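K.L.:
With the sequence up front, the predicted model follows.
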Amino acid sequence: MRKLLPFVVDALLVVVFCAIGRRSHDEAVLTGLLRTVWPFATGLIAGWLVVVALRWRAAAGDITALWPAGVVIWACTLTGGMLLRVVGGQGTAVSFVLVAGVVLAVFLLGWRAVYKAVR
């Protein structure tokens, strides 16, 4: 249960990121959301697997830690998402990569920073 809630938070934030992106480009949010989410969700899962497999930080890994867990999860989500977008024939313009990197950092690292600050 300790790892499930942070994963759910990360996953929801990735979905929110994709929904905001679709909405900002006047694309149908619900009907095309899965097409936009799957590359980033796969990258997110990969990041989680890396962190858990390497058992970074305390026993079984402190998944709420900003470093290294949060940074690795963010990097895998962004990199994996962009690579899978290329494989899937979706766009990866430089401006999109930059915006996605910043927004995903604010989302995936931001909640961890706030959590640690209030904890």
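P.N.:
Nice, I can see it.
K.L.:
I'd say residue 74 and residue 103 touch.
P.N.:
No. Counting by CB atoms under 8 Å, residue 74 does not reach residue 103; the two are 10.6 Å apart. C-beta coordinates here come from the backbone N, C-alpha and C atoms, glycine included.
K.L.:
Would you mind telling me which of those two has the busier surroundings?
P.N.:
The neighbour count for residue 74 versus residue 103, taken as other CB atoms under 10 Å, is higher for residue 74 (23 against 17).
K.L.:
Count the residues that sit near the nearest residue to the more buried one once chain neighbours are set aside.
P.N.:
Spatially, and ignoring its direct neighbours in sequence, residue 74 is nearest to residue 108 (4.5 Å; CB to CB, 6 or more residues apart in numbering). Neighbours of residue 108 under the rule other CB under 10 Å: 25.
K.L.:
go on, residue 8?
P.N.:
Residues near residue 8, counting by other CB under 10 Å, number 10.
K.L.:
Residue 33 now?
P.N.:
16.
K.L.:
repeat for the one 3 residues further on
P.N.:
When neighbours are defined as other CB under 10 Å, residue 36 has 22 of them.
K.L.:
Quick check: what element follows the helix or strand of the chain with the lowest mean pLDDT along the chain?
P.N.:
Sorting the helices and strands of the chain by mean pLDDT, DSSP states H and E puts helix 29-54 at the bottom, at a mean of 90. For helix 29-54, the succeeding helix or strand toward the C-terminus, using DSSP states H and E, is helix 71-87.
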